[in-house]
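*Asks:* Quick one, structure for this:
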Amino acid sequence: MTIGFGVLGEIQAHRGGIAVDLGPARQRCVLAALLVDLGRTVPVDGLVDRVWGARPPQRVKSTLYSYLSRLRQALGTAADASLAGTTSIERRSGGYALLTDPGLVDVHVFRDLAGQARAAADDDGRAAALFERALGLWRGEPFAGVDTPWFNSLRESLLRELYACRLDRNDVQLRRGHHGVLLTELADCHGSHPLDERLAAQYMLALYRSGRTADSLRCFERVRRALAEELGSDPGPELRRLHQSVLAGDPAIDTAGDAPTVVPVAGGEAASGSLSSRDRIVPRQLPAAPRWFTGRVRELALLDRLLDPHSEEDRAVVISAIDGSGGIGKTWLALHWAHQQQDRFPDGELYANLRGFDPTGEPVPPHTALRGFLGALGTDPSQIPADPDAQTALYRSLTAGKRMLVVLDDARDTTQVVPLLPGSPTCTVLVTSRSLLTGLSTAHGARSLTLDVLTDSEAHHLLTRHLGAERAGAEPEAVATLLEHCAGLPLAISILAARATTNLDLPLAALAEELHETQTRLDALDTGDITADLRAVFASSYRALDPDSARGFGLLGLAPGPDISLSATAGLTALPTAQARALLRRLRAAHLVQEHTPGRYRMHDLTRLYAAERAREHPASDSDEALLRLVDFYVHTARASDVILDPHAVPTEAEPPAEGCVPYTPDGPESAMAWFESEYACVLAAQTSAMTRGWYGRAWQLAWSVDTFLWRRGRIHDHLAVWRTGILAAERLGDPGARALAHRRVSAADLRVGKDDTARDHLRHALALFEDAGDLLNQGHTHQALAQAWQQTGDDRQALHHAERSLRIYRQLKDTVWEASASNTVGWFQARLGAYEQARARCQDALALCRKVGYREGEAATLDSLGYTARRCGDLELALEHYGQALALRRLLNDTYEEANTLSYIGETHHALGRYGHARDAWQQALTLYRAQQRIPEAENVQEQLNTLQDRG
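*Replies:* Next up, the predicted model:
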């Protein structure tokens, strides 16, 4: 998948609409410095100067190499362009170059579009569209937040390019008669550049053509005075001539503007039912273009393709259906695009608000909208047929052969739209709806365009445009909170902005505080105007649902995780899978849920709050029963998956699932791991919900069942959090055995985050509880854990003592699996203490036992121990053989935590053999895993090793 890059604002990258983490600010600067000179070699010293200026830190080149390596990892690129996809950071003699398609980098796209627009001298409509697309790429100041001399200079240069592009765009739009849409921007720009005579001329002309002759003359006076005071000069001849033309009311500078146009009929009598004269009205029904329109570059480009003269679309009516949830910005997009394309439709535009989901009334019947269209096309009201089919036939006759745009806004369903479709392939239809208009696509070939929320940068830009850069910049934390709770929904952002701008004394922090409480968040998004009340917008979609869908919608609002699967939905709603699938399909068609990945569904955060409000209208027992079914689905599916992943672990007892809950049973280790990958965030959220409702046994069981997955995947902080909750649940249960197990497992997580003392305290608690209970097996497990804890402090002798105690216990119990595990642990510490022959013998015994009973996790750990022993004895080839076998098993088990460690050992061994290329490959793989697991010390250690190789060249 290609990666797009942006520098016209904050430095960013996105893959498939998802932001790529580019790391710290300086690392982003390195990327930007290469993007600007795309494809060209930037010397290392030049990169240092661009990124750090005159005061680079010590070891700056080592830091630079580290940043380049991290960028390659973040972008998924290879050092060699031949091995990469569309993007690569390539090392060249003396420097580096970034290779990618210029069409993926906003600054290069901007320059290309502006160049195309200037070249389209004979087509003002095309030029205007190109200029608007170019300007739409800007999200703020280039390289926002970067402060080095080189970037500051480049920023000023790019801002000059932006200014020139705006001036050229203004000339084109003024020639097209679109002075009305320019007025606000021209006023702002003129205030910032009072001495620019070209800009002043554009502003004067726009004012004059808008009927504001006095304001136009006053503008000239202000410029004349400013020039005299600042420069001691008079306005130039062109501005003086324009001034005289305004004074004289010269028709040469007049324009018909945006008013409806009367055009002679090209021969013949007027069509039946049309105007009695030989003139016809060219309707221009579009509402005003949205003032605050932001972003949507990809969507605008997709709509532009509808009018591509080389496409096949001219064989039928071109229809595009923009669908999405309420408040997502469908109408904004439709109107913005329609205004950009007006010159493509010389026969006019028809517009109808079909009010399909209007909170104030019922949907507009198609025949009512048709009568409006027929009137706009010049039909005398007395000659409009009463029969709806006859109305449609007349409408299609009047639009036949005409290049017209028809905008059908807020359609309820396909049935409402079909009578309003022209029959001529020369017409283009743009439909917006909260429903997925599948019938329009299947029967009429409509192109569907589903709108998602704004990106973070687009949302920030929209709010900043509303508030003004100064006010937004004064309270950045409050702005971040507002945007977080709006979650990219344009209507929510606009409502909050309206509240802020109508009460200038209201601090943004106070507004942000209102959004913290989930129970009242929707209240903060209520302006008192039903047309701008988010709850009313959601309500109009909710009312359109059938009763079963409305019930399911409310229950989905209770689901605690970030998303939900089909099988979990079946558990929540107590529906058979087929009915649950149909429910989700209906809600998806209404854009109340999204299928963001195949088989997984989510709600926008604000939609979820509204759904939860609707659920609370029903008896509390209904909600509690539904949530209990969902929690039990996660408990029993996680438990079944955990047994598959670790068949040698002793499963704990769990309460039977609630009535109506049908857990999912994976068919093997791969599907079990895949289920956890998809669901673990929901499992953690379910644990929190279980604790809140006092279902402590289920909360503890979830911790136990997700343990193996979190451990193998190296999700350290989640592992720690889930077992801290597990300890609390065990204490509430009053179950000493559950408490002891929780103490032991949380100690393992503490060790991984470096809390050695805390880990040993937990283990002492666990051991005492197991001894009180006479639980020998878990005493053995706890001694094994104590061995690992003492290793962390560097006391290998104390660690060996506990390992040997665990081995004696397992042998007493005749437990072969755990005897194998403890034998390896003893061998490991013997090797660390230098007793290599004893260690090798002990580990060979352990390996034989592991293979005998099929204990693959123990086999992998033992092979790592044998690899370590071979390395210490100088047999590096044998070490690589052992590590290679261990790595294969780690990957088979999906144990990415230990996979990273084994890769690091392989890199060290190759390095010792002088095989630097193999060492680099192993360390790069280890580094990727360490970073994904947020294991900072390990990642930094491997990065240092890679930097050493980089210095070697």
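*Asks:* Near Glu161, how many other residues are there?
*Replies:* 15 (other Cβ atoms under 10 Å). Where C-beta positions appear, they are placed from N, C-alpha and C, glycine not excepted.
*Asks:* Run a quick check on it versus Arg111, I expect a contact.
*Replies:* Yes - contact between Glu161 and Arg111 holds when scored by Cβ atoms under 8 Å: they sit 7.3 Å apart.
*Asks:* For Asp254, give me its contacts.
*Replies:* Arg209 (Cβ atoms under 8 Å, 6 or more residues apart in numbering).
*Asks:* one more time with 10 Å, if that's ok
*Replies:* Gly177, Tyr208, Arg209, Ser245 (Cβ atoms under 10 Å, 6 or more residues apart in numbering).
*Asks:* Near the first one, how many other residues are there?
*Replies:* Right, the one you point to is Gly177. Residues near Gly177, counting by other Cβ under 10 Å: 18.
*Asks:* What is the three-state secondary structure of it?
*Replies:* Assigned by DSSP: H, G, I helix; E, B strand; the rest coil, the conformation of Gly177 is coil.
*Asks:* What does the pLDDT read for it?
*Replies:* Note for Gly177: predicted pLDDT of 85.
*Asks:* Now do it against Thr455, distance only.
*Replies:* 34 Å (Cβ to Cβ, to the nearest Å).
*Asks:* can you check the second one too?
*Replies:* Tyr208 sits at a distance of 39 Å from Thr455 (criterion: Cβ to Cβ).
*Asks:* more neighbours, these two?
*Replies:* Tyr208 (24 against 20).
*Asks:* what's the burial count for the residue lying closest to His618 once chain neighbours are set aside?
*Replies:* Nearest residue to His618, sequence neighbours excluded (Cβ to Cβ, 6 or more residues apart in numbering): Gly554, at 6.9 Å. When neighbours are counted by other Cβ under 10 Å, Gly554 registers 23.
*Asks:* Isn't Gly554 up against Pro619?
*Replies:* No - with contacts counted by Cβ atoms under 10 Å, Gly554 stays clear of Pro619, the gap being 12.0 Å.
*Asks:* Local confidence estimate at the closest residue to Arg222 other than its chain neighbours?
*Replies:* The shortest distance from Arg222 to any non-neighbouring residue, by Cβ to Cβ, 6+ apart, is to Pro194 (6.9 Å). Predicted confidence (pLDDT) for Pro194: 90.
*Asks:* Identify the contacts common to Glu161 and Arg111.
*Replies:* With Cβ under 10 Å, 6+ apart, Glu161 and Arg111 have common neighbours Ala134.
*Asks:* how about the strands in the stretch 451-600 of the chain?
*Replies:* 564-565, 594-597, 600-602 (DSSP state E, counting those that start in this stretch).
*Asks:* same thing with the stretch 151-300 of the chain?
*Replies:* 261-264, 279-282.
*Asks:* Quick one: distance of stretch 513-533 to the chain centre.
*Replies:* Counting by Cα atoms, centre = their mean, to the nearest Å, stretch 513-533 is centred 24 Å from the centre of its parent chain.
*Asks:* Show me which positions of that stretch end up buried.
*Replies:* Glu514, Leu515, Arg521, Leu522, Ala524, Leu525, Ala532, Asp533 (16 or more other Cβ atoms under 10 Å).
*Asks:* Sort out for me which of the residues you listed are in helices.
*Replies:* Glu514, Arg521, Leu522, Ala524 (DSSP state H).
*Asks:* Distance to Lys402 and pLDDT added to these, as a markdown table?
*Replies:* Formatted as a markdown table, those follow (distance: Cβ to Cβ, whole Å; pLDDT from 0 to 100):
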| residue | distance to Lys402 | pLDDT |
| --- | --- | --- |
| Glu514 | 51 | 83 |
| Arg521 | 48 | 81 |
| Leu522 | 45 | 81 |
| Ala524 | 47 | 74 |
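*Asks:* Which two among those are spaced furthest apart?
*Replies:* Glu514 and Leu522 (10.6 Å; Cβ to Cβ).
*Asks:* Double-check the residue nearest to Arg222 against Glu230; I have them as touching.
*Replies:* Yes - with contact defined as Cβ under 10 Å, Pro194 reaches Glu230; the gap is 8.4 Å.
*Asks:* element containing the closest residue in space to Gly372 that isn't next to it in sequence?
*Replies:* Spatial nearest neighbour of Gly372, chain neighbours left out: Ala352 (6.4 Å); criterion: Cβ to Cβ, 6+ apart. Taking DSSP states H and E as the definition, one finds Ala352 inside strand 349-353.
*Asks:* and the residue nearest to His618, what does it touch?
*Replies:* 542, 545, 610-618, 622-623, 626.
*Asks:* ditto for Glu221
*Replies:* His243.
*Asks:* Could you list the low-pLDDT ranges of this structure?
*Replies:* 1, 16-17, 77-86, 255-281, 308-316, 359-361, 527-532, 650-651, 951-953 (pLDDT under 70).
*Asks:* what residues go with each domain of it?
*Replies:* 1-176, 179-257, 282-450, 456-535, 546-615, 619-727, 735-814 (automatic domain parsing).
*Asks:* could those domains go into TSV alongside distance to Gly858?
*Replies:* TSV is the format used below for the domains of the chain (distance: least, Cβ to Cβ, whole Å):
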stretch	distance to Gly858
domain 1-176	32
domain 179-257	70
domain 282-450	49
domain 456-535	45
domain 546-615	33
domain 619-727	8
domain 735-814	11
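*Asks:* Out of those, which gets nearest to Leu876?
*Replies:* Per Cβ to Cβ, nearest to Leu876 of the domains of the chain: domain 735-814, 23.0 Å.
*Asks:* Quote the end-to-end distance of that closest one.
*Replies:* For domain 735-814, the separation between the terminal residues is 27 Å (Cα to Cα, to the nearest Å).
*Asks:* rewinding a little: and of the ones in helices among the buried residues of stretch 513-533, the nearest to Ala97?
*Replies:* Out of those, the member with the shortest distance to Ala97 (by Cβ to Cβ) is Arg521, at 48.0 Å.
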